[in-house]
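Chemist: Model the following, please.
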Amino acid sequence: MIWYVDSQGSDAQDGRTSRTAFKTLAQAVEAARSGDTILIAPGAYDQDLPEQLRAARAANIVVSVAGSA
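Modeler: Got it, this is the predicted structure:
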């Protein structure tokens, strides 16, 4: 499953598409399961991204930035 995060999103949404993206990586990490991918849109995020990335990696969740090669 791919989960979407966008700084313009909302944690009240389901995070399953770019149009219904979560606002925070923390919400996506909570929703995701081992083997899932979280796709983060470029933007300004007011959260502890390094801590959330560690949590995602520990749970075997892939995190990638949208548009990156």
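
Chemist: CA only for contacts and neighbour counts going forward, please
Modeler: Fine.

Chemist: Which strands or helices does the lowest-mean-pLDDT helix or strand in the chain pack on?
Modeler: Sorted by mean pLDDT, DSSP states H and E, the helices and strands of the chain end with helix 49-58, the least confident at a mean of 91. Under the contact definition 3 or more Cα pairs under 8 Å, 6 or more residues apart in numbering; DSSP states H and E, helix 49-58 sits against helix 25-31, strand 62-65.

Chemist: Ok, which of the ones you listed comes nearest residue 56?
Modeler: Nearest to residue 56, of all the helices and strands packed on helix 49-58, is helix 25-31, at 5.9 Å by Cα to Cα.

Chemist: buried stuff in that closest one?
Modeler: Neighbour counts over helix 25-31 (16 or more other Cα atoms under 10 Å) mark 25-29 as buried.

Chemist: can you check stretch 2-11 too?
Modeler: Counting neighbours by 16+ other Cα under 10 Å, the buried set in stretch 2-11 is 2-7, 9-11.

Chemist: Quick one: mean pLDDT over that stretch.
Modeler: Averaging the model's pLDDT scores along stretch 2-11 yields 97.

Chemist: Any idea how far apart the tips of it sit?
Modeler: Between the opening and closing residues of stretch 2-11 there is a gap of 16 Å (Cα to Cα, to the nearest Å).

Chemist: And stretch 8-16, by the same measure?
Modeler: 15 Å.
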